[in-house]
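Peer 1: Sequence first, predicted model second:
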Amino acid sequence: MISTNIKEDMVKSNNEKDVHVLIIDDEKSIREGSARILSRIGCEVSTASRGEEGLELLEKTPNVSIVLLDLKMPGIDGMEVLSIIREKYKDIMVIIMTGFATVETAIQAMKQGAYDFIPKPFEPDHVRLVVNRAREKIKLTWQTEKLTQERQRTLLDLGTEKSRLKSIIEALPNGVMVTNTQGQAVLMNPALIRQLSLPKETKSGIPIEGLIDDVGFQEFVHNIQEISSTKPNKISTYELKMPDQKFFMARGRPVLGDDNECLGVVIILVNITAMKVLDQLKSEFVAKVSHELRSPLSTIHEQLTVVMNELGEEKSSDKQEYLLSRAQQKTKGLISLIGDLLDLSRIEAGAATQDPRPVQIEDLLASIVDFLGTQARRKKQKLTLEKLSDQIPAFKADPLSLESIFGNLVTNAINYTPENGTITVRIKFVDQKICVDVTDTGFGIDPKYHDKIFDRFYRVKDNNTRYITGTGLGLPIVKSLVEAFGGTITLESEIEKGTTFHVVFPVEPQSK
């Protein structure tokens, strides 16, 4: 542990107050190792072994500036701790510590406000680099706040005055852009000019349309201005893909005047290209392994079926039949999981939208209801299709992907609805939108799980659902496919009252 005198000298040399770091990780070796590394660079360090303990320390320690947070912990997981910190302690910078298998979750965490992430296992230099970068940003923020208190400046001043604040912004490693209410970039730091590959002599006052040719990004900036009056502290995010195959996470929030009038938008661009590459490598690995496993597992499953049929003709023990049936169920579950993983890989590769053709959705739904009707009747359930509009136009999409969407939703409704229940599929055409509702009278979903059920591998487990098998990939596949076709999916559900999934597809007006 570094001595107190040395730490004080380091702080005094920087003419800054010290930075307090909280490490939340259930692995003792990670906590202690990280604490030693950070103490040696002059940080004040606290540690917690669980999410609950970490949140209690934050309540008692108001000067914490940085949190190193593990995603996978017993009790409250890292994503929930991140959500609480972003809600209650908006100035704290959260750095995610994650294994390779959860890189995608780390990306999602950054979308929800995390500053950066450190993949495990990590080297001391990597920890020092990321924490020092966060520490410098915090110290720059402190300086900025001090300068702001000394002298109030307008956004125009920021674009023209050679001030200390401008120098600080220009030194930031991430790109910074400030726009006015007309959508003109009144301030751009050198990092942003490099990120966007703009000429070095680019001056302020250019509309963002002339800087970034991305309609989604332009709408992103406009939406921040629109919500400034209702959500002034909301941090919005947007994933920007550049023509040179670089990816950036854009974070923006409104800049408000003394009377809470929106003066413009400040945007920070963070390069996430490396994370996207890792995510792509992981997806390719999963797809390859899944493809290689499906064939031998299918062979094993078929052979088990043959053995069980032969045992049925001979005298065999109940134990033999039980073991073989369990093995058959497990191989069937693995084959289903592999199929779902391959579907996700296909969606991520864009194959789900490569072969679109006009589809009459009501005919497709009728076929699905007819096919799954046998499964519903086994549980004494009533499965019906209701067409609420006389004319429903054809929708251009991949038929197999649409079958996957509604087949998954109807199958889930059957599985999670008890005997003698009702499942109703309704379709209508309103305001150039095809709307499909899948309603059941099943167990229902607690509202606290509504935001999680579209996460991969997430399954709600309670007394009603513990014996229902599944991979936890059905709804993520459905959501990915719906969004690939430009649609949306939402749900309404109450415990013991049932669930309704709403799927909406926009339809382009037919030319006359």
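Peer 2: Right, received. Where do you want to start? Residues are numbered from 1 along each chain as shown.
Peer 1: how about the strands in the stretch 251-400 of the chain?
Peer 2: Along the stretch 251-400 of the chain, counting by DSSP state E, counting those that start in this stretch, strands occupy 262-271, 357-359, 382-387, 395-397.
Peer 1: quick one: buried residues of stretch 412-427?
Peer 2: 412-417, 421-427 (16 or more other CB atoms under 10 Å). Where C-beta positions appear, they are placed from N, C-alpha and C, glycine not excepted.
Peer 1: just stretch 235-247 next, same as before
Peer 2: Ser236, Tyr238, Glu239, Leu240, Met242, Phe247.
Peer 1: State the distance from the spatially most central residue of the chain to Glu53.
Peer 2: Nearest to the geometric centre of the chain sits Gln108, at 3.6 Å (CA atoms, centre = their mean). From Gln108 across to Glu53, the span is 24 Å (CB to CB, to the nearest Å).
Peer 1: Repeat that for Gln328.
Peer 2: Taking CB to CB, one finds Gln328 at 45 Å from Glu53.
Peer 1: More neighbours: which of those two?
Peer 2: Gln328 (18 against 15; other CB atoms under 10 Å).
Peer 1: Now that one. Nearest residue, chain neighbours left out?
Peer 2: Nearest residue to Gln328, sequence neighbours excluded (CB to CB, 6 or more residues apart in numbering): Leu304, at 4.5 Å.
Peer 1: my guess is that neighbour meets Ala327, correct?
Peer 2: Yes. If you go by CB atoms under 8 Å, Leu304 and Ala327 touch, sitting 5.7 Å apart.
Peer 1: Compare the two and say which is more crowded by neighbours.
Peer 2: Using other CB under 10 Å as the criterion, Leu304 and Ala327 rank with Leu304 on top: 19 against 15.
Peer 1: What does the pLDDT read for Thr353?
Peer 2: Per-residue pLDDT puts Thr353 at 58.
Peer 1: now swap in the one 5 residues further on and tell me
Peer 2: Pro358 carries a pLDDT value of 87.
Peer 1: what's the burial count for it?
Peer 2: Pro358 has 10 nearby residues by other CB under 10 Å.
Peer 1: And it, how close does it get to Gln432?
Peer 2: For Pro358 relative to Gln432 (CB to CB), the value is 16 Å.
Peer 1: Same check on Pro447?
Peer 2: Taking CB to CB, one finds Pro447 at 31 Å from Gln432.
Peer 1: With Pro506 instead?
Peer 2: 6 Å.
Peer 1: for Pro393, same thing?
Peer 2: Taking CB to CB, one finds Pro393 at 9 Å from Gln432.
Peer 1: Quick check: phi and psi on Thr179?
Peer 2: Main-chain torsions, Thr179, degrees, to the nearest 10: phi -110, psi 160.
Peer 1: okay, it: pLDDT?
Peer 2: 87.
Peer 1: So what sits opposite it in the bridge?
Peer 2: Ala185, Val265 (DSSP bridges).
Peer 1: residues touching it, list them.
Peer 2: Ala185, Val186, Ile208, Val221, Gly264, Val265, Ile267 (CB atoms under 8 Å, 6 or more residues apart in numbering).
Peer 1: Please apply the same query to Phe247.
Peer 2: Glu239, Leu240, Lys241, Asn271, Ile272, Thr273, Met275, Lys276.
Peer 1: Skipping its backbone neighbours, what lies nearest the second one in space?
Peer 2: Right, the one you point to is Leu240. Phe248 (4.5 Å).
Peer 1: on that earlier part again, want to try a markdown table for the buried residues of stretch 412-427, with pLDDT as columns?
Peer 2: Below are these laid out as a markdown table (pLDDT from 0 to 100):
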| residue | pLDDT |
| --- | --- |
| Asn412 | 86 |
| Ala413 | 89 |
| Ile414 | 90 |
| Asn415 | 86 |
| Tyr416 | 86 |
| Thr417 | 89 |
| Gly421 | 91 |
| Thr422 | 92 |
| Ile423 | 92 |
| Thr424 | 93 |
| Val425 | 93 |
| Arg426 | 93 |
| Ile427 | 93 |
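Peer 1: so which of those would you say is closest to Gly216?
Peer 2: Ile427 (29.4 Å; CB to CB).
Peer 1: pretty sure Ile41 is touching Arg133, no?
Peer 2: No. Assessed by CB under 8 Å, Ile41 is found out of contact with Arg133, at 11.9 Å.
Peer 1: Am I right that Ile168 falls within a helix?
Peer 2: Yes. Read with DSSP: H, G, I helix; E, B strand; the rest coil, Ile168 is one of the residues of a helix.
Peer 1: how near is it to Leu196?
Peer 2: Distance from Ile168 to Leu196, by CB to CB: 21 Å.
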